[in-house]
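From the sequence below, what's the structure:
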Amino acid sequence: MKRLILLLLCMLTLCVANAKKMPEIKFEKTTIDLGTFSQDDGIQKCVFRFTNVGNDKLIINNVHTSCGCTVAKYSEEPISPGGSGEISITYNGAGKMPGKFKKSIQVFTNCEKDMVRLFIMGYMSDVPSPEPEKKQE
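This is a model prediction of the structure:
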């Protein structure tokens, strides 16, 4: 009887240990401010870097942006525990209304908390960028 109880206790311990084996995504930043830029320079890029701080392989299943002016690129390869990766974001404000903006990016993973929300923000002015001065010869 003692052996049966000991065996059941060992099996229960293994089940609990395996149940906690999950990936966990940790971003360096969850919001990036693109600052102020001119409408004639409306394409802005940034990168969200992350690390898998869990103890199983991290898989990014999908990345969804709040509008068509924001595009995300990411690797679909699994990321081992301790490994890192990045999600590249391109914001295209060409033809959009000038002013302050804030866009969201939803990252869907195989983590226990399966969705993380990231943000980009900035101010796009309608004033053209100054022309570089030409050298006089």
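
Spell out, range by range, the strands that occur in this structure.
Secondary structure of the chain (DSSP state E): strands at 25-27, 31-38, 43-52, 60-65, 70-74, 84-92, 99-109, 115-125.

and of these, who's closest to residue 9?
For the strands of the chain, proximity to residue 9 was assessed by CB to CB; strand 43-52 is nearest, at 31.5 Å. No exception for glycine: its C-beta is placed from N, CA and C like everyone else's.

strands paired with that closest one, and their directions?
The pairing partners recorded for strand 43-52 under DSSP bridges are strand 25-27 (antiparallel), strand 84-92 (antiparallel).

Where does pLDDT dip in this protein?
Applying pLDDT under 70 to the chain flags the ranges 1-2, 4-8, 10-20, 129-137.

ok so, going back, could you provide the strands of the chain in CSV, with additional columns for distance to residue 9 and mean neighbour count?
Shown next, in CSV, are the strands of the chain (distance: least, CB to CB, whole Å; neighbours: other CB atoms under 10 Å):
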stretch, distance to residue 9, mean neighbour count
strand 25-27, 34, 16
strand 31-38, 47, 14
strand 43-52, 31, 17
strand 60-65, 36, 16
strand 70-74, 43, 16
strand 84-92, 38, 17
strand 99-109, 33, 16
strand 115-125, 36, 17
